[in-house]
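[1] take this sequence and fold it.
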Amino acid sequence: MGRALSPAELLVRSLRDPASTLDLTTPGWQAVIAVARAELLLGTLASRVDGLTLPPTVRAILTDATRTAEHGRTAALWEAEAVRRALAPLGVPVVLLKGTAFVAAGLEAGRGRSIGDTDILVPRAALDAVEAALLVAGWEWVKPDPYDDDYYRRWMHELPPLIHRERDRMVDVHHTILPPTARIAPDAAALLADAPPLGNGLHVLAPADMICHGAAHLFADGDLSGGLRNLWDLHCLIEEFGTDGLRGRAERHGLWREVHRAARLSDDLFGTTIPEDWRGRDRSDAPFRRRLLARDGWGRGTRPATRFAFYLRSHWMRMPPLLLARHLWTKWRRG
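    Got it, this is the predicted structure:
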């Protein structure tokens, strides 16, 4: 008899094989729903098990999650349109990123997806004009602290976040997909140049670039918080678009190691279709897998040492040592 699956593994199994949920007990469902909620995957889970015979209480929870996801989709598309209107007079390319891009392009990764901020990519040379246009259109700075504002403008791959004063919706304006101080420097000009138009004045990244961006966000620019949702995005993108030309594009952006790891872990957890010579576990994947699955049956984070190690790693990858030490010292002094 095999070992019992952890709560996060139960969620992974439910997403990979929706029919497996028919065997879940009440405690099993409680764990799956708790982890899905914590990982912002409840709407995705609802879309996956749609049409199955479920316990009434579970069905009620997932029906509500579907409604919430649909509301989020509508709000995200409206916010994208508001951004388009604000920036249209500038005549610069505006590329939607992440969840908003998925739903705007009608991709499988957008089904049931939780969507937060509106993330866009614009040319670095246009940042000042883009910021000014958004401020005129009703967005305001979220980071009034002078140090935080300067930190974003000098060292980050995006402007300080902006929030709309009436709709309370945030927009993150990127000029590339990783901080300029990071050890990897993706080709931002190529991302913009090859972004296909949606036909409404907005663009999305090319398929291979979407996958590269997802892998960069997951493995080169964070502590893997919410990592299962990001890995599910990658699973859906690879299943929808395949991997032809992906390695070459990833190598152009300096992201092949991250894309390959994403493909291996996605195959391991979700059964993603990838080339045979990409398969197999690398020994270095083990801590990433532990971090991705670090949730208990209440949705709370587990493995504190692993989580803290990835928190430190995220900062280490973003900045060279002296800059990192100065930043952490400044933040500590300021409380």
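[2] what segments of the stretch 51-200 of the chain are helices?
    For the stretch 51-200 of the chain, the helices defined by DSSP state H, counting those that start in this stretch cover 56-87, 98-104, 127-136, 146-155, 188-193.
[3] sec struct for the spatially most central residue of the chain, please.
    Compute the mean C-alpha point of the chain, and by CA atoms, centre = their mean the closest residue is residue 230, 4.6 Å away. With DSSP: H, G, I helix; E, B strand; the rest coil as the basis, the three-state label of residue 230 is helix.
[4] follow-up on the earlier one: out of the helices of the stretch 51-200 of the chain, nearest to residue 236?
    Proximity of those to residue 236 was assessed by CB to CB; the nearest stretch is helix 98-104, lying at 8.1 Å. For glycine as for every other residue, the C-beta is placed from the backbone atoms N, C-alpha and C.
[5] quick one: contacts for residue 175?
    With contacts taken as CB atoms under 8 Å, 6 or more residues apart in numbering, residue 175 has the following neighbours: 121, 122, 123, 124, 127, 157, 158, 188.
[6] on that earlier part again, tally of neighbours for the nearest residue to the residue nearest to the centre of the chain once chain neighbours are set aside?
    With sequence-adjacent residues excluded and distances taken as CB to CB, 6 or more residues apart in numbering, residue 230 is closest to residue 218, at 4.5 Å. For residue 218, the neighbour count with other CB atoms under 10 Å is 24.
[7] ok, now how distant is residue 218 from residue 292?
    The span separating residue 218 from residue 292 equals 9 Å under the rule CB to CB, to the nearest Å.
[8] need the residues touching each of those two.
    Common neighbours of residue 218 and residue 292, counting by CB under 8 Å, 6+ apart, are 224, 227, 231.
[9] got any ranges where the stretch 1-150 of the chain has weak pLDDT?
    Across the stretch 1-150 of the chain, the stretches falling below the confidence threshold (pLDDT under 70) are 1-2, 143-144, 147-150.
[10] hmm, try it at 50
    Along the stretch 1-150 of the chain, no part satisfies pLDDT under 50.
[11] isn't residue 182 right up against residue 219?
    No - counting by CB atoms under 8 Å, residue 182 does not reach residue 219; the two are 11.7 Å apart.
[12] more neighbours: which of these two?
    Residue environment comparison for residue 182 versus residue 219 gives the larger neighbour count to residue 219, 23 against 20, counting by other CB under 10 Å.
[13] how about the contacts made by the more buried one?
    For residue 219, the residues meeting the contact criterion (CB under 8 Å, 6+ apart) are 258, 261, 262, 288.
[14] thought the last one was touching residue 265?
    Yes - the pair residue 288 and residue 265 passes the contact test of CB under 8 Å, sitting 6.3 Å apart.
[15] returning to what we had before: any chance of JSON lines for the helices of the stretch 51-200 of the chain, columns distance to residue 34?
    Formatted as JSON lines, the entries for these read as follows, by distance: least, CB to CB, whole Å:
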{"stretch": "helix 56-87", "distance to residue 34": "11"}
{"stretch": "helix 98-104", "distance to residue 34": "22"}
{"stretch": "helix 127-136", "distance to residue 34": "37"}
{"stretch": "helix 146-155", "distance to residue 34": "33"}
{"stretch": "helix 188-193", "distance to residue 34": "37"}
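[16] which one of those has the most crowded surroundings?
    Highest mean neighbour count among the helices of the stretch 51-200 of the chain (mean count of other CB atoms under 10 Å): helix 98-104, with a mean of 24.
[17] for residue 39, see how far away residue 101 is.
    With distances taken as CB to CB, residue 101 is found 20 Å from residue 39.
[18] now do residue 209
    From residue 209 across to residue 39, the span is 25 Å (CB to CB).
[19] cool, residue 223 as well?
    Here residue 223 is placed at a distance of 14 Å from residue 39 (CB to CB).
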